[in-house]
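In: below are the sequence and a predicted model; questions follow.
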Amino acid sequence: MSRVYCSDAARLRGDDNTATAARIDVWILVELPITWGRDPITEAALPQTVRAALKRASHEIPRSRVVFIRKRVECLGATRVYIVRSAPHVGVTRLDLDALEDVATVPFVSIANNTTSPATRPLVLVCTHGQHDSCCGRRGYPLFDALRQRDDIDLWQCSHIGGDRFAANAVVLPWGIYYGPVEPRDADPLADSLARDEIFLPAYRGRCSVSKVVQAAETFVRRETNVLARDAFELVSREKLENGWMVRLRESSGTIHDVTIERSDSPEGSMLTCTATTATKAVQFRVVDYRQGRG
């Protein structure tokens with residue numbers, strides 16, 4: 001029997017990518033241009049001092065994620081590090097270190113708490129982590145190659161960021177905006193939307209700075225109104241109801257959007273990754289009421 005890749009199966013099922021961004025406040029990006037293994041923090045050829053420093057940073061910084069980045073597979077040398085904050089404000093700190101070993105000396109907690117510098121260009125990560133999931137490699141590399149033609153973004157390959165079945169996946173920092181599936185033909189439309197400070201709605205998965213319920217509400221409102229400005233919506237409140245949530249968003253125009261959301265599971269279980277051994281039901285969100293008003 002021929003192999004079925006998880007991203008191919010998801011496309012055939014018509015899986016909804018709404019509200020599938022991981023909840024992350026701080027990103028620790030470390031350049032590692034060698035083979036990552038399935039779990040880089042334990043399997044990649046890292047100096048033990050660096051491994052320990054990264055594990056400690058991820059433990060001490062709430063809602064943080066360590067992600068490895070590279071332009072290509074090559075020999076070790078000077079090492080780029082980014083500490084990126086996506087919430088409650090955005091900011092980027094860039095460090096250019098002489099060697100990978102120097103990562104162990106970086107004061108990650110202090111920098112994460114004081115990162116406020118704006119990004120000079122959008123930092124775009126494309127997951128090409130084929131050793132974690134085959135679809136990330138087979139779909140990620142073509143997207144990375146298509147985006148390499150752009151000089152208005154800071155583009156990197158990256159290790160696992162979640163949502164393998166939506167490959168090719170990309171994250172735009174510092175705002176923590178997830179995209180997927182993104183096809184190579186979408187490379188220019190995606191980059192053009194970034195240049196306009198807009199959301200590329202066809203592949204929008206949500207943003208990491210808010211909960212999945214809020215992601216679902218925001219995505220619904222954007223699809224309903226076609227408001228694309230990246231920072232058009234502000235969360236006013238989120239209220240837990242008996243069977244769901246009521247999310248209130250304020251648009252920059254002053255319009256209030258009240259969205260009532262319910263959570264459910266997909267009717268049937270599926271193999272959600274290429275390495276899955278059991279079928280799992282995917283989490284879904286359904287809008288049961290939507291109202292607009294003036295604030």
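Out: On my side now, so go ahead.

In: which strands or helices does the strand or helix carrying Val109 pack on?
Out: Here Val109 is covered by helix 108-114, with elements defined by DSSP states H and E. If contacts are counted by 3 or more C-beta pairs under 8 Å, 6 or more residues apart in numbering; DSSP states H and E, helix 108-114 sits against strand 26-31, helix 48-60, strand 79-85. Yep, even glycine has a C-beta here, placed from its N, CA and C like the rest.

In: who's in contact with that helix?
Out: Helix 108-114 has contacts (C-beta atoms under 8 Å, 6 or more residues apart in numbering) with Val26, Ile28, Ala53, Arg56, Ala57, Glu60, Ile61, Ser64, Ile83, Arg85, Thr93.

In: could you give the mean pLDDT of stretch 12-30?
Out: Averaging pLDDT along stretch 12-30 yields 97.

In: still on that earlier bit, right, and the helices and strands packed on helix 108-114 - which one's nearest Asp102?
Out: strand 79-85 (6.8 Å; C-beta to C-beta).

In: what's the angle from the closest one to helix 48-60?
Out: Between strand 79-85 and helix 48-60, the angle comes out at 10 degrees (axes from the mean of the first three to the mean of the last three C-alpha atoms, to 10 degrees).

In: pairing partners for strand 79-85, with directions?
Out: In its sheet, strand 79-85 lies beside strand 26-31 (antiparallel), strand 91-97 (antiparallel), with partners assigned from DSSP bridges.

In: closest to Glu218 out of these?
Out: When those are compared by C-beta to C-beta, strand 26-31 sits nearest Glu218, at 20.3 Å.

In: what residues sit buried inside stretch 240-251?
Out: By neighbour count with 16 or more other C-beta atoms under 10 Å, stretch 240-251 contains the buried residues Gly244, Trp245, Met246, Val247, Arg248, Leu249, Arg250, Glu251.

In: can you give me the end-to-end distance of stretch 30-46?
Out: Criterion C-alpha to C-alpha, to the nearest Å; first-to-last residue distance in stretch 30-46 is 11 Å.
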